[in-house]
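In: return atomic coordinates for the entry below.
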Amino acid sequence: MFAAARRLSLSICMVLATLAASPLGARTELGLRTGEAGNELRGKLRAALLTNELLREGGDDPQDLVAAAQADYRRLLTALYDEGYFAPEISITLDGREAATIQPLGAPPAISTIIVRVDTGRRFTFGRTSVAPLPQGTAPPENFGPGKRAGTDKLREAARLGVEAWRARGHAKAELAGQRVTARHPEAQVDADLRIDPGPRLTFGALRISGNEDVRTERIRAIAGLPTGRVFDPEEVKRAATRLRRAGAFSSVALSEAEEVGPGQTLDIAAQVVEEKPRRFGFGAELSTEEGGTLSGFWLHRNLLGGAERLRIEGRITGIDNDTDGLDYRLEARLGRPATFGPDTDLYALAMLESLQEPVFDSDQARLEVGLRRILSDRLEVTAGVGFRYASVRDVFGSRDFTHFILPVALTWDARDNPLDPAGGAYLNATALPFGGLDGTASGVRLTADARAYAGFGPEDRFVLAGRLQLGSVIGPELDGTMPDDLFYSGGGGTVRGQDYQSLGVILPGRRTAGGRSFLGLSAELRARVRGPFSVVGFYDTGYVSRDSLPDADSPRHSGAGLGLRYDTGIGPIRLDLATPTSGPNSGEDLYFYVGIGQAF
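Out: Residues are numbered from 1 along each chain as shown. As a prediction, the model looks like this:
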């Protein structure tokens, strides 16, 4: 690969570092001779040593150590070339014998010391560089040019980006056709000439599917949405794979391009799928001092009608062992059909029955809804539906019935790095529920927003600062004309920890309480990993509720603060929070605890 003129090296000695020791005392040492290399290069060279890895695992067989040491010449050379050192000298000795001179079956009976010495020589830079041809408007990588630090990693990156630029223009079979790389040692420079063969411009051929048993082939094609007949685009292949995985009917999805170009300059795509087991069930539990216990469970069918239709039936009971309120019940069935109006538009239908015995109202209601879910990107989706709801309620305004025609709309943007335990990114969920009253019921719209942001800092994001903003508003009807479910309350695990559940609302004449027409909630957490899977959390929550459609500075408010403990299970943390009020007559006196799975937000 390299045409070398002659070698030049420096001999400034660095400190020897002991890397590992076996139970029998064998050890490796790494010495660097260079005036430029620092801790980062030493770390990369240590990581490249197979002998070091073998000793760390307790291996001390002399034959294995000889084989590992002989392999380390190439491993070290690869690491040095990546960093731009093209004239190194490497010595690996086993009890004073150069490893390269030991015959494969001539290992000594025992090895006590392995010493690795590296003389890196000078670090090379690029001289003359070229990667061509490139599509019009495409420039070579910025770090691949005269005077830039050389390295085989930079060469690979330049070639990869050149090929990808052509593939993005429809040239699926673009490849590196040739390379000439010359190391000029007197100048410590590398000249590189990379030649790209774009190949023909192709269009998508057929999607050839294998591995499916119960999901129909035509439905898989519809879900994948591969644009047959259009110019090849590698991003379309990725999107097709994402759609198939998102459908939930497959445990494994792999898309690959055909080796040969088909008739008419077409390229077939092969889809290999493995179907999930069609049925699944699960359950969950939560506990808090104020809201009592919560039990939930679900049953799921992933392929109800053979087209990856997803039926989920779930139930929930809350308020268990709660002395202040009765039990709340919820039963919901939801059917989803992917790729109903195009590959990124799903159809859904739901039916829900719910009975609530809340601190300030009781409600029995039913809801029917059908709608569409549109996936706009990996992070953004919107849903819109049409439905009907009926509720019979009892609250401070008496016994009333509500009948609504509804048009629910929701937007979700999720840019968190890990939805279960985020350390960075942001999240937004916004909803609008226009409702038209029937049989004398008032009309209006209910708006909500839930915005969250996360920032990690410290080594490996050991600390995470998390913030949450909740907003809600009902526009249209007055308090006595609004369903209690649509009004807003504050207090409890979902709003302000350390305050009684739904303890903050609007005070009416006679000291009666109702929900407000608007809500503002603010929460902040500082999360810190302490050891292994354990983390501690400090938090502060505050909430405002107003009888008007917009909260203001004079709106009633309350707050709470506390400490929490998290145990990371790998699929999400188990949460324990202890909180106390920081406003009101019981400030700093009462203590509430909340137990659940996942972060509070």
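
In: can you list the domains in this structure?
Out: 2-119, 125-197, 203-275, 279-597 (automatic domain parsing).

In: adding mean neighbour count, write those out as JSON lines.
Out: Where you see a C-beta, it was placed from the backbone N, CA and C, and this is true even at glycine. Below are the domains of the chain laid out as JSON lines (neighbours: other C-beta atoms under 10 Å):
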{"stretch": "domain 2-119", "mean neighbour count": "16"}
{"stretch": "domain 125-197", "mean neighbour count": "17"}
{"stretch": "domain 203-275", "mean neighbour count": "17"}
{"stretch": "domain 279-597", "mean neighbour count": "17"}
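
In: export those to CSV and tack on mean pLDDT?
Out: Listed next are the domains of the chain as CSV, based on pLDDT from 0 to 100:
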stretch, mean pLDDT
domain 2-119, 74
domain 125-197, 95
domain 203-275, 96
domain 279-597, 93
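
In: strands of the stretch 151-300 of the chain, residue ranges please.
Out: For the stretch 151-300 of the chain, the strands defined by DSSP state E, counting those that start in this stretch cover 175-184, 189-197, 203-210, 250-257, 266-275, 279-288, 292-301.

In: may I see these arranged in a markdown table, with distance to Thr383 as well?
Out: A markdown table is the format used below for those (distance: least, C-beta to C-beta, whole Å):
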| stretch | distance to Thr383 |
| --- | --- |
| strand 175-184 | 43 |
| strand 189-197 | 44 |
| strand 203-210 | 28 |
| strand 250-257 | 23 |
| strand 266-275 | 26 |
| strand 279-288 | 23 |
| strand 292-301 | 19 |
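
In: out of those, which comes closest to Gln136?
Out: Gln136 lies closest to strand 189-197 among the strands of the stretch 151-300 of the chain, at 13.7 Å (C-beta to C-beta).

In: mind giving me the packing neighbours of the closest one?
Out: In terms of contacts (3 or more C-beta pairs under 8 Å, 6 or more residues apart in numbering; DSSP states H and E), strand 189-197 is packed against strand 125-132, helix 152-167, strand 175-184.

In: can you list contacts of the first one?
Out: For strand 125-132, the external contacting residues (C-beta atoms under 8 Å, 6 or more residues apart in numbering) are 84, 140, 144-150, 154, 158-159, 162, 184, 187-196.

In: try it again with 7 Å
Out: Outside of strand 125-132, the residues within contact range by C-beta atoms under 7 Å, 6 or more residues apart in numbering are 140, 144-150, 158-159, 162, 184, 187-196.

In: please enumerate residues in contact with the longest helix along the chain?
Out: The residue-count maximum for a helix in the chain (DSSP state H) belongs to helix 62-82. Residues from elsewhere that reach helix 62-82, judged by C-beta under 7 Å, 6+ apart: 44-45, 48-51, 54, 88, 90, 92, 94, 99-100, 102, 107-111, 114, 118, 120, 151-153.

In: again, 6 Å this time
Out: Residues from elsewhere that reach helix 62-82 (C-beta atoms under 6 Å, 6 or more residues apart in numbering): 44-45, 48-51, 54, 88, 90, 92, 99, 102, 107-108, 111, 151-153.

In: next: stretch 277-292.
Out: Here stretch 277-292 makes contact (C-beta under 6 Å, 6+ apart) with 293-303, 319-322, 492-493, 500-501, 592-596.

In: using PDB, write down the CA coordinates of that stretch.
Out: Provided in PDB are the C-alpha atoms of stretch 277-292 (Å, rounded to 0.1, in the frame of the first residue of the first chain):
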ATOM      1  CA  LYS A 277     -44.700 -14.400  18.700                       C
ATOM      2  CA  PRO A 278     -48.200 -13.000  18.000                       C
ATOM      3  CA  ARG A 279     -49.400 -12.700  21.600                       C
ATOM      4  CA  ARG A 280     -48.000 -11.000  24.600                       C
ATOM      5  CA  PHE A 281     -49.200  -9.900  28.000                       C
ATOM      6  CA  GLY A 282     -47.800  -7.800  30.800                       C
ATOM      7  CA  PHE A 283     -48.500  -6.000  34.000                       C
ATOM      8  CA  GLY A 284     -47.300  -3.100  36.200                       C
ATOM      9  CA  ALA A 285     -47.600  -1.700  39.600                       C
ATOM     10  CA  GLU A 286     -47.100   1.700  41.300                       C
ATOM     11  CA  LEU A 287     -47.500   2.900  44.900                       C
ATOM     12  CA  SER A 288     -47.700   6.300  46.600                       C
ATOM     13  CA  THR A 289     -48.800   7.300  50.100                       C
ATOM     14  CA  GLU A 290     -51.500   9.700  48.800                       C
ATOM     15  CA  GLU A 291     -52.800   8.000  45.700                       C
ATOM     16  CA  GLY A 292     -52.600   4.500  47.000                       C
END
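
In: Phe495: what's it in contact with?
Out: In this structure residue 495 is Thr, not Phe. Counting by C-beta under 6 Å, 6+ apart, Thr495 makes contact with Gly521, Gly543.

In: kindly report the same for Tyr454.
Out: Neighbouring residues of Tyr454 by C-beta under 6 Å, 6+ apart: Pro422, Gly424, Gly425, Val464, Ala466.

In: 8 Å instead, please
Out: If you count contacts by C-beta under 8 Å, 6+ apart, Tyr454 has them with Arg416, Asp417, Pro422, Ala423, Gly424, Gly425, Ala426, Val464, Leu465, Ala466, Gly467.

In: do Val536 as well
Out: By C-beta under 8 Å, 6+ apart, the residues touching Val536 are Arg527, Ala528, Val530, Leu563, Gly564, Leu565, Arg566.

In: now swap in His301 and tell me
Out: By C-beta under 8 Å, 6+ apart, the contact set of His301 is Pro278, Arg279, Arg310, Leu311, Arg312.

In: who's it bridged to?
Out: Per DSSP bridges, residues listed as beta-bridge partners of His301: Arg279, Leu311.

In: mind checking how far it is from Leu244?
Out: Applying C-beta to C-beta, to the nearest Å, the value for His301 to Leu244 is 18 Å.

In: cool, and Ala168?
Out: Ala168 is 22 Å from Leu244, where distance means C-beta to C-beta.

In: please apply the same query to Val231.
Out: Using C-beta to C-beta, one gets 22 Å for the distance from Val231 to Leu244.

In: what ranges does this protein have for its helices?
Out: Assignment of helices within the chain using DSSP H yields the ranges 39-48, 50-56, 62-82, 152-167, 217-224, 234-246.

In: among these, which is nearest Gly444?
Out: helix 234-246 (34.7 Å).

In: that closest one - contacts with which helices or strands?
Out: Applying 3+ C-beta pairs under 8 Å, 6+ apart, we find helix 234-246 packed against helix 217-224, strand 250-257, strand 266-275.

In: who touches it?
Out: With C-beta under 8 Å, 6+ apart as the test, helix 234-246 has contacts from 164, 167-168, 172, 204, 207, 220, 223-227, 230, 250, 253-255, 257, 269, 271, 273, 338-339, 343-344, 375, 378.

In: wouldn't Arg566 be in contact with Arg531 here?
Out: No: counting by C-beta atoms under 8 Å, Arg531 is not a contact partner of Arg566; they are 11.9 Å apart.
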